[in-house]
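In: this one's structure only:
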């Protein structure tokens, strides 16, 4: 903990004494905490190991639109409706900052120290007196409480109510001290509380003193404490952020360790392009500095030309240590056609990954065989095997209580995703699919796969912007061999997002974000309550008491061993329920960039786009 002057030492001592007297049971305050064990970095550390503390500052970082968004219609990232401007997260901070080279630790950012109660029922943060919002006003405990209360209300995106559901309330103890009380003993909750985004309670305040309702805040400039401000924007097509000359962390007498080597550019400019082809040609023409490529064919064939030959442009595949999570064709369980698990399993046999990887992806991808792929939390991390005793301790009681929700296959080695590698073949896989469909009541007659009522097996695959059309078309060709009729519908990013928020689809591609330490976000992804909340990540519509029970075990795990057993048990249940037709993951981050760009050694766990913004720098031509 930083050295305090005598007056502040006395004040801090009295505050802690008061808290203990009130029964808060506060443990010793620290700059950093870890969910399991001790954090990697000791008190008073100078900077994270994966940054360059001597990185020069200056210049403008120019980036293209991340993902598939081609426009934006708001600056408020916390509401459900609309499309947020890229990079808006640069304007917000949280009480603590996570480290990218360890699992589930946080260190004080807006907060100068963190105290977890000995009974783990609460966590207390003391906010740095230097922390300020972009308008110069201090960050106070009242702003933290306001941020929590708003995000937990019906005014914000429902994912916040799900993710932070186990936090009971935020309690203001003094101007700069706030305590989060928990509903139950969940070891992740202090970490979650520390990563809550903080914004001023005066955001949306008009000159006459009235406040715009939070859900209606759109292009009102955010009042956050982050290092950048919006300098200008153009009709949803570009936006420029400039470094706040009064950014509070730059005004400290001693460099703030969690900000050393971060945010080295004076400006960050996003240009939004209409499609991938236009974006690639713009990069080759020198219109922006770096791009993360997600399409295998473009990476294999597109990043060539004279500027790559002479070294003006560079490309590199950085090793990806992140947990790969799950990507696949998700079926909407709210649709009657997908209610039967045998149907869902059958549809998986029609995806020929090996053909796709060979013909479309240039053998750049690996198959997903787990919801926690590329992680020791996967049930098949060390090869196909039966559940351990720790997993069986969780699964057996659930099988006895909810037999219909625990597939018998969870007690066997995890089956791999269907393959067409010899001795298997697509023909054999389709025969297995036909047999499953027949047992589920679907047979081929009158030119189509039909049920007992004569209704054809027909559904729609919705796609965002045509990104996956070649893949979908190949998959649909195989489905048609089974007599399944499929309609393909593409839409722009905004319309696709609206349909996902309202669960208005039959099948679509999902990508569940990586996590090295899964926890409360699983409620939003697979929890029964989230399936009823429009806008949640549970687009599949999973409503299983067994899944809920296993997520509960994950969130209350007291150590990594308990977490591993619970995630592997959940993995087995989800995998053998066939909610998703698993696709593939990329074992690298594919990045192309201008020769002036520089970067430190990458950390263990990172996403490429934030890493570029946070830790890269530019060497200006001399």
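Out: Sure, I can see it. No experiment lies behind these values; they were computed from the predicted model shown.
In: who's in contact with residue 230?
Out: Shown in contact with residue 230 (Cβ atoms under 8 Å, 6 or more residues apart in numbering): 75, 91, 221, 222, 239, 240, 241. For the C-beta atoms, the positions are set from N, CA and C on the backbone; glycine is no exception.
In: among the residues you listed, which ones are in helices?
Out: Of the contacts of residue 230, none are assigned to helices by DSSP state H.
In: with neighbour count and distance to residue 393 added, can I get the residues you listed in JSON lines?
Out: As requested, the contacts of residue 230 are exported to JSON lines (neighbours: other Cβ atoms under 10 Å; distance: Cβ to Cβ, whole Å):
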{"residue": "75", "neighbour count": "19", "distance to residue 393": "49"}
{"residue": "91", "neighbour count": "25", "distance to residue 393": "46"}
{"residue": "221", "neighbour count": "14", "distance to residue 393": "53"}
{"residue": "222", "neighbour count": "24", "distance to residue 393": "47"}
{"residue": "239", "neighbour count": "21", "distance to residue 393": "52"}
{"residue": "240", "neighbour count": "19", "distance to residue 393": "55"}
{"residue": "241", "neighbour count": "29", "distance to residue 393": "50"}
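In: could these be laid out in TSV, adding distance to residue 313 and pLDDT?
Out: Formatted as TSV, the contacts of residue 230 follow (distance: Cβ to Cβ, whole Å; pLDDT from 0 to 100):
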residue	distance to residue 313	pLDDT
75	32	96
91	30	98
221	35	94
222	34	97
239	24	97
240	23	98
241	24	98
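In: identify the farthest-apart pair in the residues you listed.
Out: Across these, the longest distance by Cβ to Cβ is 14.8 Å; it joins 222 and 240.
In: mind giving me the domain ranges of the chain?
Out: Domain ranges of the chain: 6-250, 273-320+587-618, 326-585, per automatic domain parsing.
In: and those domains: which comes nearest residue 262?
Out: Smallest distance to residue 262 across the domains of the chain (Cβ to Cβ): 5.2 Å, for domain 273-320+587-618.
In: what are the contacting residues of stretch 279-294?
Out: Contacts for stretch 279-294 (Cβ under 8 Å, 6+ apart): 61-66, 269, 271, 273, 298-299, 302-303, 305, 307, 312-313, 586, 589-594, 596-597, 608-609, 612, 616, 618.
In: now that stretch: buried residues?
Out: For stretch 279-294, burial by neighbour count (16 or more other Cβ atoms under 10 Å) applies to 279, 280, 282, 283, 284, 288, 289, 290, 291, 292, 293, 294.
In: contacting residues for the nearest residue to residue 35 once chain neighbours are set aside?
Out: In space, residue 35 comes closest to residue 104 once its chain neighbours are excluded; the distance is 4.0 Å by Cβ to Cβ, 6 or more residues apart in numbering. For residue 104, the contacting residues are 34, 35, 36, 98, 188, 191, 516, 517, by Cβ under 8 Å, 6+ apart.
In: next, count neighbours for the closest residue to the fourth one other than its chain neighbours.
Out: Leaving aside its sequence neighbours, residue 98 sits nearest to residue 106 (Cβ to Cβ, 6+ apart; 5.4 Å). A count of nearby residues for residue 106, using other Cβ atoms under 10 Å, gives 26.
In: what kind of secondary structure is residue 106 in?
Out: Under DSSP: H, G, I helix; E, B strand; the rest coil, residue 106 falls in the strand class.
In: and the pLDDT at it?
Out: Residue 106 is assigned a pLDDT of 96 by the prediction.
In: ditto for residue 5
Out: Reading off the confidence values, residue 5 has pLDDT 43.
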